[in-house]
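# Whatever this is, show me its structure:
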Amino acid sequence: MFVDGHTWDRLLPLLLADAPGREYIVIDPPGLGLSEPLQRRTTIAEAAGAARDALEVLGVGEPVDWIGNAFGGHVGYELATDASVVRSFVAISAPVEPLPAELRRKIALLHPLLRLAGPVRPVENAIVAAMLTSDSAKDTGILRVVMESLARPTRASLSFALRSFIIDRSDVTDRLARICAPSLFVASDDRGDWSPADARRAADQAPNARSVTIAGARTLIPLEQPAALARAIVDFWRAGAGEPSQR
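Residues are numbered from 1 along each chain as shown. Presented below is the predicted three-dimensional model:
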């Protein structure tokens, strides 16, 4: 959320090296990155529909190994119940429950400011604090990716995205039992609303899932700890979740 496909820039070379023979497709979320601006309030379910459309337009004729970080994981929960779309599923830092009430109130206070003024300093500070550990925020390369991502969308598009995909985030716990694809739920050691215990609990409710914890990260694990995450994903694939020829 708030960021785009550049958050995968540090991870992709590692996956290309450790899992050759795959084709990787990076999709910017609706309203963010180079995707068209949002013009109205929408839902994660509609975003999943857009993902289906994207795969069709790109000519992907087989189930994919879907990897989603945060918002991308929420989209994956919508897609992964359909075996014709998702072959295996990696959900990174993607809580299955709605936003906690206290956090929802804090974000709701910032929402009007974001809508009227864009990502000004108080909004930037809140977003960085939610996404990065203090150590990661001191890394100029990591911080640059977040700040440049924030600068790309329009104020209106950011506002609609915040309302649609964060504040209105729904509970998808009941979907877990229907995700039969091999699944890996990745938690960090520093995100309060998606703790290692939360990831284990979610994995216990899916028929073919397990969880793993990556240390030294908050929300943007692919950007903060790419090497550890790459090892976890490749190990998951090599354990039988996906064949090298698959997208």
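# Please make it C-alpha for all contacts and neighbour counts, starting now.
Noted.
# centroid residue for this structure?
By C-alpha atoms, centre = their mean, the chain has its centre lying nearest to Asn69, at 2.1 Å.
# Would you mind confirming that that residue is in contact with Ile92?
Yes - Asn69 is within contact range of Ile92, at 4.5 Å (criterion: C-alpha atoms under 8 Å).
# overlap in contacts of those two?
By C-alpha atoms under 8 Å, 6 or more residues apart in numbering, Asn69 and Ile92 have these common neighbours: Ile221.
# Correct me if wrong: Ser35 contacts Pro29.
Yes - contact criterion C-alpha under 8 Å: Ser35 and Pro29 qualify, at 6.7 Å.
# Which residue of these two possesses the greater neighbour count?
Legend: neighbour count by other C-alpha atoms under 10 Å for Ser35 and Pro29, higher for Pro29 (24 against 14).
# A strand includes the more buried one, no?
No - Pro29 is assigned coil when assessed by DSSP: H, G, I helix; E, B strand; the rest coil, not a strand.
# residue contacts, it?
When contacts are taken as C-alpha under 8 Å, 6+ apart, Pro29 is in contact with Asp4, Ser35, Ala47, Gly72.
# Give the buried subset of those residues as a PyMOL selection command.
Remark: buried members of the contacts of Pro29, expressed as a PyMOL selection using 16 or more other C-alpha atoms under 10 Å:
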select buried, resi 4+47+72
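# Narrow the contacts of Pro29 to those in helices?
Ala47, Gly72 (DSSP state H).
# Could you dump the contacts of Pro29 into a markdown table and include distance to Pro207 and pLDDT?
Shown next, in a markdown table, are the contacts of Pro29 (distance: C-alpha to C-alpha, whole Å; pLDDT from 0 to 100):
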| residue | distance to Pro207 | pLDDT |
| --- | --- | --- |
| Asp4 | 31 | 93 |
| Ser35 | 34 | 92 |
| Ala47 | 25 | 94 |
| Gly72 | 21 | 95 |
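# now, which of the contacts of Pro29 sits nearest Met147?
Asp4 (10.7 Å; C-alpha to C-alpha).
# Now do the closest one against Leu58, distance only.
According to C-alpha to C-alpha, to the nearest Å, Asp4 and Leu58 sit 19 Å apart.
# same deal with Asp82?
Asp82 is 19 Å from Leu58, by C-alpha to C-alpha.
# ok, the two, which is more surrounded?
Neighbours were counted for Asp82 and for Leu58 using other C-alpha under 10 Å; Asp82 has more, 15 against 10.
# who touches that one in this structure?
By C-alpha under 8 Å, 6+ apart, the neighbours of Asp82 are Ile179.
# Can you give me the buried ones in the helix or strand bottoming out on mean pLDDT in the chain?
Taking mean pLDDT, DSSP states H and E as the measure, the chain has helix 101-117 as its least confident helix or strand, at a mean of 79. Along helix 101-117, these residues count as buried under the neighbour rule (16+ other C-alpha under 10 Å): Ile107, His111, Leu113, Leu114, Arg115.
# Would you mind giving those as JSON lines with distance to Gly192 added?
JSON lines is the format used below for those (distance: C-alpha to C-alpha, whole Å):
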{"residue": "Ile107", "distance to Gly192": "15"}
{"residue": "His111", "distance to Gly192": "21"}
{"residue": "Leu113", "distance to Gly192": "24"}
{"residue": "Leu114", "distance to Gly192": "23"}
{"residue": "Arg115", "distance to Gly192": "26"}
